[in-house]
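S.K.: sequence and predicted structure below; questions after.
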Amino acid sequence: MPDRTEVRIAGPKSEETRERILKAALTLFHERGFEAATMRDIAEEAGVATGAAYYYFSSKDAIVMDFYRRSCTEMQGKIEVALKNASGLERRLRELIRVKLVHFAPHRGVLRALLRNGADPKHPLSPFSPQTKEIRDVDIAWFQRILVDCGMRIPKDLESHLPGVLWFFQMGVIFFWVLDESPDQARSDRLLSLAAKSVTSLLRVSTLPLMRPVRRAALELVEIVKGADL
């Protein structure tokens, strides 16, 4: 039995067909929802036989995983450009997350259709699942990078945990953005600006000696979350 998220690698001549299937799937996920759309529906939308759709993607989960991986790859260069001249943690944090929002904007409806699965850490399509760990690690590495020479001192006891904490912060922003019905998601833009400023201010205050007990409590919370295998 093939893994339910298996993607078969196609040759150059088959890439167009695979792209068509992926595009058709994203369209149907947006219009009908992830659960309602079937592989037969996707094949019909793409103009291929159902067997051909299964040849390239073993399941709907495999299609979504391919979408995740492609998005991760495509965003790397965009992030590099966005951060090239960004100095200071607040601006870096804001720009890093904004790249994700701009990239996913054409597929915001798809992300909304996947919210139910995304909320369950045991579902393979959840951003918190073991199956998406490789993508998550790439993302967390960016949060590690923006902390380097960021213009502020990071307490030693927070250093190893902070990239993951900032990644969770990002997921909260994205969740809000996916559900935001304000024109052009203007509320999300304001939220990101204010939240990035607030996070930076909290980190700056956290370096004060009197904040050590607060940091210890915060680290205990982080360990509890890690214990949940997220």
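M.R.: Right, received. Where do you want to start?

S.K.: give me the low-pLDDT residue ranges for this structure?
M.R.: Counting by pLDDT under 70, the low-confidence segments of the chain come to 1-13, 210, 222, 225-230.

S.K.: again, 90 this time
M.R.: Judged by pLDDT under 90, the chain has its weakly predicted residues at 1-15, 85, 116-122, 151-161, 165, 202-230.

S.K.: those helices in it, which residues are they?
M.R.: 15-32, 39-46, 50-56, 60-83, 89-104, 108-113, 115-118, 133-147, 156-159, 162-179, 186-206, 212-227 (DSSP state H).

S.K.: return the set of buried residues in the longest one.
M.R.: Translated: helix 60-83. For helix 60-83, the neighbour count (16 or more other CB atoms under 10 Å) marks 60-68, 72, 75, 79, 82-83 as buried. Every residue, glycine included, has its C-beta placed from N, CA and C.

S.K.: next, the angle from that helix to helix 39-46.
M.R.: Angle of helix 60-83 versus helix 39-46, following axes from the mean of the first three to the mean of the last three CA atoms, to 10 degrees, is 60 degrees.

S.K.: same question, the fifth one
M.R.: Using the same axes, to 10 degrees, the direction of helix 89-104 lies 80 degrees away from that of helix 39-46.

S.K.: hey, C-alpha coordinates of helix 89-104 in PDB?
M.R.: In PDB, the C-alpha atoms belonging to helix 89-104 read as follows (Å, rounded to 0.1, in the frame of the first residue of the first chain):
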ATOM      1  CA  LEU A  89      14.000  42.300  15.100                       C
ATOM      2  CA  GLU A  90      10.600  44.100  14.800                       C
ATOM      3  CA  ARG A  91      11.000  44.800  11.100                       C
ATOM      4  CA  ARG A  92      12.500  41.400  10.300                       C
ATOM      5  CA  LEU A  93       9.700  39.600  12.100                       C
ATOM      6  CA  ARG A  94       7.100  41.700  10.300                       C
ATOM      7  CA  GLU A  95       8.700  41.200   6.900                       C
ATOM      8  CA  LEU A  96       9.200  37.500   7.400                       C
ATOM      9  CA  ILE A  97       5.600  36.900   8.200                       C
ATOM     10  CA  ARG A  98       4.300  39.300   5.500                       C
ATOM     11  CA  VAL A  99       6.100  37.300   2.800                       C
ATOM     12  CA  LYS A 100       3.900  34.200   3.800                       C
ATOM     13  CA  LEU A 101       0.700  36.300   3.700                       C
ATOM     14  CA  VAL A 102       1.500  37.700   0.300                       C
ATOM     15  CA  HIS A 103       2.500  34.300  -1.100                       C
ATOM     16  CA  PHE A 104      -0.600  32.500   0.200                       C
END
